[in-house]
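Undergrad: My questions concern the predicted model and sequence given below.
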Amino acid sequence: MPTAPVPPTEPSSPLSKPSSDAPSGAPSEVSSESVTVGPGPAPGSAAAVEVRPLPGDFAVVRMGGRGGRAIRIGQWLNGDGFADFEHAFVYVGNEELVEAQPGGAELRPLSVYTDGRPVRWSTGRFPLTDHQRRAIVAAALGYVGTPYSVADYFALAAHRFHLPVGPLLRAYVADSRHMICSQLVDQCYQDAGVHLFSDGRWPGYVTPADLANLLA
């Protein structure tokens, strides 16, 4: 199970400092200017709150339609039940985000998710430095165009059910050349030296529900 995040005023053991070199393309500084988004449910509450995300924060959102239903089934296969959050993205600043899409990871306006749907933000949940935020943003921008892979859900489910596929399955799940939305978020943080999970899980073994549970 993922470790519960702690308030930003306290040290968080699952997070580690990045390497000294930030990826190329990272912004020179993290601006204090941010966009107000919402409403979304606060952790542990159904009340709507306004959030001011910073570059490098991530969020999970509820998705409707056939795509949302398909993801809920995929998460159910992975033991997450029929979770309420089926999608995740990284906020990169300038009112833009990077997210995995069926046609490949895209840079999109944040406004696509400011329609009142439930959203959980990582803002204020993890004590990220400016260096870490720049590295996360650079990683996210670097993954634009990375193919989406529905097969990752089935690979994750195969691991959960202990199917005899061994190292080949582990290598497939960890391969960053194809990612579902939650894998993209987790990979961006790992590229910055930030580990959201400390439970010994496989690299890439993360669903939107796993990220949502970190923010519950």
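TA: Everything's here; your move.

Undergrad: any idea how far residue 117 is from residue 215?
TA: 15 Å (Cβ to Cβ, to the nearest Å). C-betas here are computed from N, CA, C, even on glycine.

Undergrad: Would you mind telling me which of the two has the busier surroundings?
TA: Ranked by neighbour count (other Cβ atoms under 10 Å), residue 215 and residue 117 place residue 215 first, with 21 against 14.

Undergrad: List the neighbouring strands of the top strand by length along the chain plus their orientation.
TA: Looking across the chain with DSSP state E, the single longest strand is strand 87-93. Using DSSP bridges, strand 87-93 pairs in its sheet with strand 58-61 (antiparallel), strand 96-99 (antiparallel).

Undergrad: CA atoms only for the last one - export them in PDB, please.
TA: Meaning strand 96-99. Only the C-alpha atoms of strand 96-99 are listed here, as PDB (Å, rounded to 0.1, in the frame of the first residue of the first chain):
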ATOM      1  CA  GLU A  96      -1.000  24.100 -19.200                       C
ATOM      2  CA  LEU A  97      -0.700  20.400 -18.300                       C
ATOM      3  CA  VAL A  98       0.900  17.300 -19.700                       C
ATOM      4  CA  GLU A  99      -1.200  14.100 -19.800                       C
END
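
Undergrad: Check which helices and strands the helix or strand just after that strand sits against.
TA: Following strand 96-99 in sequence order, the next helix or strand is strand 106-109 (DSSP states H and E). With contacts defined as 3 or more Cβ pairs under 8 Å, 6 or more residues apart in numbering; DSSP states H and E, strand 106-109 has these neighbours: strand 96-99.

Undergrad: show me where the protein has helices.
TA: 65-77, 130-142, 151-160, 166-174, 181-191, 208-214 (DSSP state H).

Undergrad: among these, which gets the worst mean confidence?
TA: Confidence, taken as mean pLDDT, is least for helix 65-77 of the helices of the chain (a mean of 49).

Undergrad: For this protein, give me the ranges with low pLDDT.
TA: Along the chain, segments meeting pLDDT under 70 span 1-49, 63-83, 150-176.

Undergrad: let's see it at 50
TA: Counting by pLDDT under 50, the ranges of the chain that qualify are 1-4, 6-25, 28, 32-34, 39-47, 65, 67-68, 71, 75-82.

Undergrad: Contact partners for residue 104?
TA: The contact partners of residue 104, by Cβ atoms under 8 Å, 6 or more residues apart in numbering, come to 144-148.

Undergrad: Surely residue 107 and residue 98 touch.
TA: Yes. Residue 107 is within contact range of residue 98, at 5.6 Å (criterion: Cβ atoms under 8 Å).

Undergrad: List the beta-bridge partners for residue 119.
TA: Going by DSSP bridges, residue 119 forms beta bridges with residue 61.
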